[in-house]
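Trainee: test case, fold it:
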Amino acid sequence: MNRIISFILISLISADIFATKKEILPYKDNTLSVEQRVNDLLGRMTLEEKLAQIRHIHSWHIFNGQQLDEAKLAKYCGNVSW
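Mentor: Numbers count the residues shown, from 1 in each chain. Reported below is the predicted structural model:
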């Protein structure tokens, strides 16, 4: 019984140690230059994600308060982005 409890405790401690040693992705590392961070992020993005950023929609164009206005959305996007 003591072996099982010891094994469980060691496993939990090991898992906690490994969980706290997460690598910081370069685009999130504020010690790098902006150019390095941007290049890293763009390299990770798919073409679809890059296009979505180009066609970014600001919420005030398509919402009335907290409610999505589908007529505004259709008018603003022209049935293309959504």
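Trainee: ramachandran angles for Ile24?
Mentor: phi -80, psi 120 (degrees, to the nearest 10).
Trainee: quick one: neighbours of it, just the number.
Mentor: When neighbours are defined as other Cβ atoms under 10 Å, Ile24 has 10 of them. Placement of C-beta: from N, CA and C, glycine included.
Trainee: with the one 3 residues further on instead?
Mentor: Tyr27 has 16 neighbouring residues, counting by other Cβ under 10 Å.
Trainee: which SSE is the residue nearest to it when sequence neighbours are not counted in?
Mentor: Nearest residue to Tyr27, sequence neighbours excluded (Cβ to Cβ, 6 or more residues apart in numbering): Leu41, at 3.8 Å. Under the criterion of DSSP states H and E, Leu41 resides in helix 34-44.
Trainee: which parts of that helix are buried?
Mentor: For helix 34-44, burial by neighbour count (16 or more other Cβ atoms under 10 Å) applies to Arg37.
Trainee: export it as PDB, just CAs?
Mentor: Provided in PDB are the C-alpha atoms of helix 34-44 (Å, rounded to 0.1, in the frame of the first residue of the first chain):
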ATOM      1  CA  VAL A  34       8.900  42.800 -32.900                       C
ATOM      2  CA  GLU A  35      10.200  41.600 -36.300                       C
ATOM      3  CA  GLN A  36      11.200  38.200 -34.900                       C
ATOM      4  CA  ARG A  37       7.900  37.800 -33.200                       C
ATOM      5  CA  VAL A  38       5.900  38.800 -36.300                       C
ATOM      6  CA  ASN A  39       7.900  36.500 -38.500                       C
ATOM      7  CA  ASP A  40       7.400  33.600 -36.100                       C
ATOM      8  CA  LEU A  41       3.600  34.200 -35.900                       C
ATOM      9  CA  LEU A  42       3.200  34.600 -39.600                       C
ATOM     10  CA  GLY A  43       5.100  31.400 -40.200                       C
ATOM     11  CA  ARG A  44       2.600  29.600 -37.900                       C
END
